[in-house]
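# next come a sequence and a model predicted from it.
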Amino acid sequence: MILKDKTILIMGIRNKWSIAWGAAMSAYENGANVIFTFMGEDNRAKVEELISELPNAKAYECDVSSDEAIKNTFEEIKKTYGKIDGILHSIAHANTEDLRNNFINTSREGFSHAVEVSSYSFVAIAKIANELDMLAEDASLVSLTYHGSTKVLPGYNVMGVAKAALECSVRYLSENLGSKNVRVNAVSAGPIKTLSAKGIKDFGSILDVVEEKAPLKRNVTAKEVGDVVSFLFSNMANSITGQIIYADNGYNVMGI
Ligand SMILES: NC(=O)c1ccc[n+]([C@@H]2O[C@H](COP(=O)([O-])OP(=O)(O)OC[C@H]3O[C@@H](n4cnc5c(N)ncnc54)[C@H](O)[C@@H]3O)[C@@H](O)[C@H]2O)c1
């Protein structure tokens, strides 16, 4: 029960395949109270049905491309729950055409959109949570990233650029929040079949290559990634900040 008595906010639940759901299951099993945010009022009924599996879990609608929406959501959460011990940012988006065409064809608007929603939103979340004084003394902020930030995976395209900005933001945020004893890290997950992943060209062949080449010869599950997130939320990871921790069955160490 490494998260006993901790309140964890999980941002980016869409359905039962979401990594956010794997993280929620892990946090819950480790003793946390779990709160969610999701995007789009249209998705409320489905999200509420899913999270009803967890006693007392509540979900708030929040579009992270708006500072005002983040602020309003966080104010409501603070009113109900007080200080938060951990936040998972499990959010990314790029325009479909930017994941279908060659990277060189990325539009100015598509580039800004991917970076704003997938990288800047993590900075905005940290900034607003800090300004509202809603982070507990030893809070832990975690985001999710992917190997495409440092290596070329044709089709990952502008999302790779956005993940590179996200990972660098993790390092700068860790320095800014370290004096408050708040830790900031990201988990670099191996590929998992989720709704977002479906948008990436030839995603199936990425899964096949990982299964064949990763040291552990298999793909990761959302729950396994969630377990690493839980570890980073826990006090067992008190000395870890500014890091990108790979949860990919070792695939990233392979040279061929
Ligand atoms: N699936 C993978 O292979 C994989 C691997 C490594 C990292 N990741 C990362 O994991 C995270 C979660 O993705 P997932 O694969 O679970 O897919 P998912 O589709 O289940 O989750 C993505 C979430 O982002 C949310 N979102 C998009 N735009 C938003 C906005 N403006 N405001 C608020 N929420 C918004 C969606 O509503 C959705 O809940 C993403 O950051 C993704 O890049 C995924």
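That came through fine.
# count of neighbours near residue 212?
9 (other C-beta atoms under 10 Å). For the C-beta atoms, the positions are set from N, CA and C on the backbone; glycine is no exception.
# following element in sequence after the helix or strand harbouring it, please.
Element membership of residue 212, judged by DSSP states H and E, is helix 203-213. Using DSSP H and E, the helix or strand that follows helix 203-213 in sequence is helix 222-233.
# tell me what that following helix is packed against?
In terms of contacts (3 or more C-beta pairs under 8 Å, 6 or more residues apart in numbering; DSSP states H and E), helix 222-233 is packed against helix 19-29, strand 84-89, strand 135-145, strand 183-189, strand 244-247.
# any chance of the ones you listed in TSV, plus mean neighbour count, distance to residue 43 and mean pLDDT?
Output for the helices and strands packed on helix 222-233, formatted as TSV (neighbours: other C-beta atoms under 10 Å; distance: least, C-beta to C-beta, whole Å; pLDDT from 0 to 100):
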stretch	mean neighbour count	distance to residue 43	mean pLDDT
helix 19-29	25	12	98
strand 84-89	26	18	98
strand 135-145	23	19	98
strand 183-189	26	22	99
strand 244-247	19	26	98
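# any chance of JSON lines for the ones you listed, columns distance to the ligand?
Output for the helices and strands packed on helix 222-233, formatted as JSON lines (distance: least, C-beta to the nearest ligand atom, whole Å):
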{"stretch": "helix 19-29", "distance to the ligand": "4"}
{"stretch": "strand 84-89", "distance to the ligand": "7"}
{"stretch": "strand 135-145", "distance to the ligand": "4"}
{"stretch": "strand 183-189", "distance to the ligand": "4"}
{"stretch": "strand 244-247", "distance to the ligand": "9"}
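# reformat the ones you listed as a markdown table; add distance to residue 170.
Below are these laid out as a markdown table (distance: least, C-beta to C-beta, whole Å):
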| stretch | distance to residue 170 |
| --- | --- |
| helix 19-29 | 17 |
| strand 84-89 | 10 |
| strand 135-145 | 6 |
| strand 183-189 | 5 |
| strand 244-247 | 7 |
